[in-house]
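Q: no FASTA, just this:
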């Protein structure tokens, strides 16, 4: 037999108060005497009663729920960012609901979440799509954009300092290998991060007096499969002289490491390799992977704080926050 869900009337009857008093204890306990509030809470506990979140939101005009929309859930990058955001939300007394609808082909990123129930929304938009961006920025909710390349001033934003990180990685490799033997294996050509990292790589080579050849910068996917496919074709044709590769993320770098092992190319003696993101994957490869670390925990927590600050002060100036990156040199590029 199914157990009957307790109602607010059941709590009121057991506590000997009105339903209005039970509602006040749930939503505005400071309006109720401590003794009465304690009696009502005790009745709630005995009956296993949980206040209706939707009803509470209607009364208080605040659900204490935030939404976050990501391009994907797969991989360390998004999981670490999401873990930090969820922790920060819970610490601030909010719940977090998640969608992965911020990707190509999504007509309206906002439609994937119960917007009428949310106090605020965080969206990670990694590719140019004016209609998608408009569907988010035009919301009445408190909105924070992560990584959007669009230059909009009417929303709080967090961006990753891709250029500085890519420059550091490229300079590190150029100190050991001639510019003509340095390569960038990039992510999708439509992705903001991928474009910024490739552009910084090319600019750094140019500053060293080298004009990158067409095969020195190639775009594909943020995946180990793409890194493996590139390496099996490009590295096999290389002479014995050392080459250097700056991969657009750690997964691509991992695929390159796998291919190097198959081809018998020693790392770092013949192949010097640097990834990007600083995912946990970089610490468990053999050899350990040099990488440009993105502060994912900082980005996740900061997105939550910006969103809550906007809820509390909706008329305050919009803010643009830049998340710094840092090169970590390990065995793969020494």
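A: Received, thanks. These figures come from a predicted structure and were not determined experimentally.
Q: Look up how far residue 125 lies from residue 296.
A: Distance, residue 296 to residue 125, by CB to CB, to the nearest Å: 17 Å. For every residue, glycine as well, the C-beta is placed using N, CA and C.
Q: scratch that, residue 172 is what I was asking about
A: Per CB to CB, residue 172 is found 30 Å from residue 125.
Q: and the two? which has more neighbours close in?
A: The neighbour comparison of residue 172 against residue 125 (other CB atoms under 10 Å) goes to residue 125, with 24 against 19.
Q: Surely that one touches residue 147?
A: Yes. Contact criterion CB atoms under 8 Å: residue 125 and residue 147 qualify, at 6.7 Å.
Q: Can you pull out the low-pLDDT segments for the stretch 101-250 of the chain?
A: Within the stretch 101-250 of the chain, the stretches with pLDDT under 70 are 101-117, 130-132, 135, 138-141, 148-153.
Q: Pull the residues that contact stretch 213-220.
A: 180, 182-189, 194, 198, 201-202, 205, 226, 229-230, 234, 252 (CB atoms under 8 Å, 6 or more residues apart in numbering).
Q: So which of these sit within helices?
A: 194, 198, 201-202, 205, 226, 229-230, 234, 252 (DSSP state H).
Q: Max pairwise distance over those residues: which two?
A: Spatial extent of these (CB to CB) is set by the pair 205 and 229 at 23.4 Å.
Q: So these two - more neighbours on which side?
A: Taking neighbours as other CB under 10 Å, residue 205 and residue 229 compare with residue 205 leading, 21 against 17.
Q: Tell me if I'm right that the more buried one and residue 173 touch.
A: No. Look at residue 205 against residue 173 with CB under 8 Å: they stay out of range, at 10.0 Å.
Q: Name the residues contacting each of those two.
A: Any residue near both residue 205 and residue 173 by CB under 8 Å, 6+ apart counts here, and that gives residue 182.
Q: Nearest spatial neighbour of residue 330, chain-adjacent residues omitted?
A: Using CB to CB, 6 or more residues apart in numbering and skipping residues adjacent in sequence, the residue nearest residue 330 is residue 288, 4.1 Å away.
Q: Name the SS class of the one you found, please.
A: The three-state label given to residue 288 by DSSP: H, G, I helix; E, B strand; the rest coil is coil.
Q: I figured it hits residue 282, correct?
A: Yes. The pair formed by residue 288 and residue 282 meets the contact definition of CB under 8 Å, at 6.9 Å.
Q: The stretch 201-334 of the chain: strands as residue ranges?
A: 217-219, 243-247, 271-277, 290-293, 320-323, 326-328 (DSSP state E, counting those that start in this stretch).
Q: how about those in CSV, adding distance to residue 28 and mean neighbour count?
A: Shown next, in CSV, are those (distance: least, CB to CB, whole Å; neighbours: other CB atoms under 10 Å):
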stretch, distance to residue 28, mean neighbour count
strand 217-219, 55, 17
strand 243-247, 54, 27
strand 271-277, 45, 28
strand 290-293, 45, 26
strand 320-323, 34, 14
strand 326-328, 46, 18
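Q: Run through the helices of this structure in chain order.
A: 8-15, 19-27, 34-47, 53-60, 76-91, 130-137, 162-174, 192-207, 224-234, 250-263, 296-312.
Q: Output the contacting helices and strands for the first one.
A: Just to be clear, that refers to helix 8-15. helix 19-27, helix 34-47 (3 or more CB pairs under 8 Å, 6 or more residues apart in numbering; DSSP states H and E).
Q: So which of those is the most surrounded?
A: Greatest average neighbour count among the helices and strands packed on helix 8-15 goes to helix 19-27 (a mean of 19), per mean count of other CB atoms under 10 Å.
Q: avg pLDDT for it?
A: Averaged across helix 19-27, pLDDT comes to 82.
Q: now for that helix, which elements pack on it?
A: On a contact count with 3+ CB pairs under 8 Å, 6+ apart, helix 19-27 meets helix 8-15, helix 34-47, helix 53-60.
Q: Output those helices in CSV; the columns should cover mean pLDDT.
A: Shown next, in CSV, are the helices and strands packed on helix 19-27 (pLDDT from 0 to 100):
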stretch, mean pLDDT
helix 8-15, 90
helix 34-47, 90
helix 53-60, 52
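Q: thinking again about what came up before, hmm, which of the contacts of stretch 213-220 are the buried ones?
A: 182-188, 194, 198, 201-202, 205, 226, 229-230, 234, 252 (16 or more other CB atoms under 10 Å).
Q: Go ahead and confirm residue 87 touches residue 305.
A: No. In this structure, residue 87 is not within contact of residue 305 by CB under 8 Å, at 11.9 Å.
Q: Could I get the helices of the chain in JSON lines, plus columns for distance to residue 215?
A: JSON lines is the format used below for the helices of the chain (distance: least, CB to CB, whole Å):
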{"stretch": "helix 8-15", "distance to residue 215": "69"}
{"stretch": "helix 19-27", "distance to residue 215": "64"}
{"stretch": "helix 34-47", "distance to residue 215": "68"}
{"stretch": "helix 53-60", "distance to residue 215": "56"}
{"stretch": "helix 76-91", "distance to residue 215": "27"}
{"stretch": "helix 130-137", "distance to residue 215": "33"}
{"stretch": "helix 162-174", "distance to residue 215": "16"}
{"stretch": "helix 192-207", "distance to residue 215": "13"}
{"stretch": "helix 224-234", "distance to residue 215": "7"}
{"stretch": "helix 250-263", "distance to residue 215": "15"}
{"stretch": "helix 296-312", "distance to residue 215": "32"}
